[in-house]
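K.L.:
model the following, please.
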Amino acid sequence: MWYIYVLKSLKDGKFYTGMSENPEKRMLDHNSGMTKSTRSRRPFEIIYKKECGDQLTAREREKYLKSGDEDLL
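P.N.:
Residues are numbered from 1 along each chain as shown. Have a look, this model is predicted:
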């Protein structure tokens with residue numbers, strides 16, 4: 001099962017959107033500094049998670065959320 005997730009940086013208040021089969025583990029990766037793109041914005045909390053079924057559906061939803069549409073969640 002694939003998920004899309006949104007993390008909020010507790011440092012700068014900005015959001016990060018991603019997809020994973022295990023969003024909780026992914027958040028731990030972000031918080032431990034294993035993800036270069038978010039390393040300087042740690043720590044994070046997960047504020048949104050949605051089950052998407054397969055990887056393609058999760059990727060499409062992730063792209064939509066990153067598009068900046070007003071009705072993101």
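
K.L.:
in the chain, which segments are predicted with low confidence?
P.N.:
69-73 (pLDDT under 70).

K.L.:
strands along the chain, start to end?
P.N.:
2-9, 15-20, 44-53 (DSSP state E).

K.L.:
who touches the shortest one?
P.N.:
Strand 15-20 has contacts (CB atoms under 8 Å, 6 or more residues apart in numbering) with 2-9, 26, 30, 38, 41, 44, 47, 52, 55, 58-59, 61-62, 65-66. (Each C-beta comes from the backbone N, C-alpha and C, glycine too.)

K.L.:
go again using 7 Å as the cut-off
P.N.:
With contacts defined as CB atoms under 7 Å, 6 or more residues apart in numbering, strand 15-20 is touched by 2-8, 26, 38, 44, 58-59, 62, 65-66.

K.L.:
now do the longest one
P.N.:
Outside of strand 44-53, the residues within contact range by CB under 7 Å, 6+ apart are 1-10, 16, 23, 27, 30-31, 58, 61, 73.
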